[in-house]
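> below is the sequence, then the predicted model.
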2 protein chains.
Amino acid sequence: MPENLDNRKRKILQAIVEEYIETSEPVSSGSLVKNEELKCSSATIRNEMAELEQIGFLEKPHTSAGRIPSQKGYRYYVDELLREDNLSRKEIEMIKEMMETKVNRLEDLTKIATTTLSEITHYTTIAIEPNVSNHTIIDIKFILLGTRVLMAVILTDSGIIRESIIKFDEDLTQEQIDDLTYIFNNKLVGKPLEKIDGPIEEYIVEEMKTGIRIIEKIIEEINKLLEDSKTYIEGANKVIDMPEFKKQEMAKDFLNVIDAKDIIADVINTGMAKDINVYIGSESEREELKNFSIVTFNHLLDGKDIGTIGIIGPTRMDYSKVISVMKYISKKLNDDYKKGKF
Amino acid sequence: MPENLDNRKRKILQAIVEEYIETSEPVSSGSLVKNEELKCSSATIRNEMAELEQIGFLEKPHTSAGRIPSQKGYRYYVDELLREDNLSRKEIEMIKEMMETKVNRLEDLTKIATTTLSEITHYTTIAIEPNVSNHTIIDIKFILLGTRVLMAVILTDSGIIRESIIKFDEDLTQEQIDDLTYIFNNKLVGKPLEKIDGPIEEYIVEEMKTGIRIIEKIIEEINKLLEDSKTYIEGANKVIDMPEFKKQEMAKDFLNVIDAKDIIADVINTGMAKDINVYIGSESEREELKNFSIVTFNHLLDGKDIGTIGIIGPTRMDYSKVISVMKYISKKLNDDYKKGKF
DNA sequence: TTTAGCAATCTATTTCTTTGACTGCTAATA
DNA sequence: TATTAGCAGTCAAAGAAATAGATTGCTAAA
């Protein structure tokens, strides 16, 4: 439940957040007087600022400095004060141009969206493969590569293709492969792509004439394929010029997060799936992320989740710009899809 | 042609390089006197150091500091003075343990070697997919996924598998796929995996009954597959604790290099293929790398290059440890291979 | 050829001072 | 009651000066 702030407090908070995002310096009462919307003296603003600090929206680095937004302050700003139409004509042109490339796979489309996002926002971007468990299998293919190596390819209705190479200690015959293909398809096509469990495994083993070990291994590998959702990070160098990274500790935290990609995957997968998700500082409940914010959106086609795209940066992030770009890219991906681009 | 240094100068250079690698502080004549192998006074050492600086093996950060090795100094050290048996029993155990995992693909083996290397050396590791142009094709498979999506899988004699998904604007028939498979195999199996050129393309087009556009597209995609060699980087956070990264500029350079992986790929691909390759500072002729060294080895199985593995770190790098680990891992990969592990 | 000894050099550290940017409070004002 | 002017108090950041410490290069003697 967002506290109710009166109009002047809202204006002051908004002005502080925006000025701090721009300059990365604590904002003083004096500099706010220049804001044309605020028709009062610096003393009045000081009183208001003191109150905003009292209720937790602002903090002071030290007595004689200006104020900076607290995590709660950012949250209020994002939920209540943000402007979402923060894209210049030039930026829209850039996005359009960058996203024109033709691609063969959905994954490549994600890649392009990611690069675009990074270029426009100047933050580090993240792409996480979708959790495919609510997608429907439309085909499973097994291809024998050599006599002991099998390639399994799974296709889903949303156009996602996953493949895995499996090596055996014994020879496989083409006949076995044909059997496998038949039975796996029979049992799994049309079903949601969930983990293959005990009962299904038993059924398949029963149907097959040979090789329980082979089936076990295949199921193991397929399950592995379903579980792991790869995370890609791009533009790690984008952050280096930001003033917050002058502090060794923050730079260290950042590199650690970038390296242990699962930290980010974890946060995103446990989050709720809103249109656009914003995790500010320690809201993500990971110590390493307390100085960072993550903003993501789910790349949806026809209601199917085909991956999460996001950015990570300091809590002093240009939320307005980031969210504007994301909304635009998200819409464009869908429009292109409807126009049959993919 | 390595200059000839007398024995004492060699010892002094070696001691300076090793102490500087360990402490990252300029080495003084005084601290070298403690070295038991050097039976002379600090004054004598100072004279020798002055001469070593004269001929370019050492440098001074400023008048009243000790000496640090120059790039030329490191080079002499690596070529002439390096000890290669610099692995503790404990480290060998660690390597053995980490490399025990069973894998299905050669690529996964590379991944494991990379992780091991990073853990043992505490530097950032690099893996670059092999240039497959001298490998021989043993099979090409085309699999139809849906009516307009084709998957091409290429197998080489070295066990490398490359696959690509190709999307068409028109429907494909199974018959066409069978034709494609037959003709491509006929023409390319047993040949080195080079770019498919004009004459071959013409031949294939002639043989096929239909769809010159389809063939063009397939060849385009296959050629793309052969060209791009992906680069993976792991352990970027390993560097953060090194004193040299206190300097903003170096941290920036490093992140840029990590982000623009092709810089590294470029250096490695233009290098000569020795057993182990060491690029010190600006030897790699890329401005961004002037403060970094790269050490790589080629992962060879039966003489076939199946990928390059390496590390990147500051020029003040523990070359001895790095090279020792690499030799050990390289040998182990080969031994495992001969024992049929893969 | 080697070494002891010493002046000269230069960085890094510490301490002190100064400056300037804010705030918070008080008392006057509308 | 809400606003504001004015001013003392606080604190960090920047600058200046002093100090300490490390190391070299040179000279002259061994």
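Received the coordinates, thanks. Because the structure is a prediction, the values reported are computed rather than measured.
> taking the stretch 51-200 of chain A, what residue is nearest to DNA strand D?
At 3.0 Å from DNA strand D, residue A:64 is the closest residue in the stretch 51-200 of chain A, using C-beta to the nearest atom of the strand. The way it works is simple: take the backbone N, C-alpha and C, and place the C-beta from them, glycine included.
> contact partners of the lengthiest helix in chain A?
Longest helix in chain A by number of residues (criterion: DSSP state H): helix A:319-338. With C-beta atoms under 8 Å, 6 or more residues apart in numbering or on different chains as the test, helix A:319-338 has contacts from A:18, A:21, A:74, A:77-78, A:82-87, A:91-92, A:95-96, A:99, A:109, A:113, A:116-117, A:120-121, A:123, A:276, A:278, A:293, A:295, A:297, A:299-302, A:309, A:311, A:313, A:342.
> among those residues, which ones lie close to DNA strand D?
Among those, no residue is within reach of DNA strand D (C-beta under 7 Å from any atom of the strand).
> lowest mean pLDDT among the helices and strands of chain A, which one is it?
helix A:198-207 (a mean of 78; mean pLDDT, DSSP states H and E).
> quickly check: the following helix or strand past that helix near chain B or not.
Moving toward the C-terminus from helix A:198-207, the next helix or strand (DSSP states H and E) is helix A:212-227. Yes. Using C-beta under 8 Å from any C-beta of the partner chain, a contact is recorded between helix A:212-227 and chain B, made by residue A:221.
> for whichever helix or strand comes after helix A:212-227, name the packing helices and strands.
Following helix A:212-227 in sequence order, the next helix or strand is strand A:231-234 (DSSP H and E). Where contact means 3 or more C-beta pairs under 8 Å, 6 or more residues apart in numbering or on different chains; DSSP states H and E, strand A:231-234 is packed against helix A:106-121, strand A:124-128, helix A:261-270.
> buried residues in the last one?
It refers to helix A:261-270. Going by neighbour count (16 or more other C-beta atoms under 10 Å in any protein chain shown), the buried part of helix A:261-270 is A:263-268.
> before we move on, what about the first one?
By neighbour count, and taking 16+ other C-beta under 10 Å as the criterion, the buried residues in helix A:106-121 are A:106-107, A:109-121.
> as a whole number, average confidence for it?
What helix A:106-121 shows for mean pLDDT is 91.
> contacting residues around stretch A:91-104?
A:109, A:111-113, A:115-116, A:119-120, A:325, A:328-329, A:332-333, A:336, A:342, B:164-167, B:221.
> rounded mean pLDDT for stretch A:168-181, please.
89.
> is chain B contacted by that stretch?
No. On the criterion C-beta under 8 Å from any C-beta, stretch A:168-181 is out of touch with chain B, staying 9.4 Å away.
> got the end-to-end distance for that stretch?
17 Å (C-alpha to C-alpha, to the nearest Å).
> return the member of the buried residues of helix A:106-121 nearest to DNA strand C.
Distances from DNA strand C to those, taken by C-beta to the nearest atom of the strand, are shortest for residue A:121, at 27.4 Å.
> look up the closest residue to that closest one, ignoring the ones flanking it.
residue A:322 (5.4 Å; C-beta to C-beta, 6 or more residues apart in numbering or on different chains).
> the strands in chain A, which residues?
Taking DSSP state E as the criterion, chain A carries its strands at A:58-59, A:68-69, A:124-128, A:137-145, A:149-156, A:161-167, A:231-234, A:276-280, A:292-301, A:304-314.
> so which of these gets nearest residue B:6?
strand A:231-234 (51.4 Å; C-beta to C-beta).
> so what touches that closest one?
The contact list for strand A:231-234 (C-beta under 8 Å, 6+ apart) reads A:111, A:114-115, A:118, A:124-129, A:258, A:261-262, A:264-265, B:259.
> select, from those, the two members most distant in space.
Among those, A:115 and A:262 lie farthest apart (C-beta to C-beta), at 22.5 Å.
> quick revisit: in the longest helix of chain A, which residues are buried?
Residues A:319-330, A:332-333, A:337 are the ones in helix A:319-338 that count as buried (16+ other C-beta under 10 Å).
> kindly export it (C-alpha atoms) in CSV.
Extracted in CSV, the C-alpha atoms of helix A:319-338 (Å, rounded to 0.1, in the frame of the first residue of the first chain):
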residue,chain,number,x,y,z
TYR,A,319,13.9,3.5,-14.9
SER,A,320,11.9,5.8,-17.1
LYS,A,321,14.0,5.3,-20.1
VAL,A,322,14.6,1.6,-19.5
ILE,A,323,10.9,0.9,-19.1
SER,A,324,10.0,3.0,-22.1
VAL,A,325,12.4,1.1,-24.3
MET,A,326,11.3,-2.3,-23.0
LYS,A,327,7.6,-1.5,-23.7
TYR,A,328,8.5,-0.4,-27.1
ILE,A,329,10.7,-3.4,-28.0
SER,A,330,8.2,-5.8,-26.4
LYS,A,331,5.4,-4.4,-28.6
LYS,A,332,7.5,-4.5,-31.7
LEU,A,333,8.4,-8.1,-31.2
ASN,A,334,4.8,-9.0,-31.0
ASP,A,335,3.8,-6.8,-34.0
ASP,A,336,6.5,-8.3,-36.1
TYR,A,337,5.3,-11.8,-35.1
LYS,A,338,1.7,-11.0,-36.1
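> tell me the angle of it relative to strand A:304-314?
Using axes from the mean of the first three to the mean of the last three C-alpha atoms, to 10 degrees, the inter-axis angle of helix A:319-338 relative to strand A:304-314 is 160 degrees.
> avg pLDDT for helix A:319-338?
Helix A:319-338 carries an average pLDDT of 93.
> do the same with stretch A:254-262
88.
> just to revisit the earlier point, centre of the chain to the least confident helix or strand of chain A, how far?
Relative to the centre of its chain, helix A:198-207 is centred 37 Å away, using C-alpha atoms, centre = their mean, to the nearest Å.
> which elements pack onto it?
helix A:174-188, helix A:212-227.
> which residues sit against it?
With contact meaning C-beta under 8 Å, 6+ apart, helix A:198-207 is reached by A:183-184, A:187-188, A:212, A:215-216, A:219.
> residue A:299 contacts residue A:310, correct?
No. Taking contacts as C-beta atoms under 8 Å, residue A:299 lies outside contact range of residue A:310: 10.3 Å.
> list the buried residues in stretch A:201-220.
Buried residues in stretch A:201-220, counted by 16+ other C-beta under 10 Å: A:201, A:204, A:208, A:211, A:214-215, A:217-219.
> reformat those residues as CSV; add distance to residue B:142.
Formatted as CSV, these follow (distance: C-beta to C-beta, whole Å):
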residue, distance to residue B:142
A:201, 31
A:204, 27
A:208, 27
A:211, 27
A:214, 25
A:215, 26
A:217, 26
A:218, 22
A:219, 27
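> ok, now how distant is the residue of the stretch 51-200 of chain A found nearest DNA strand C from chain B?
With C-beta to the nearest atom of the strand, the shortest gap between the stretch 51-200 of chain A and DNA strand C falls at residue A:64, namely 3.5 Å. Using C-beta to the nearest C-beta, to the nearest Å, residue A:64 is found at 28 Å from chain B.
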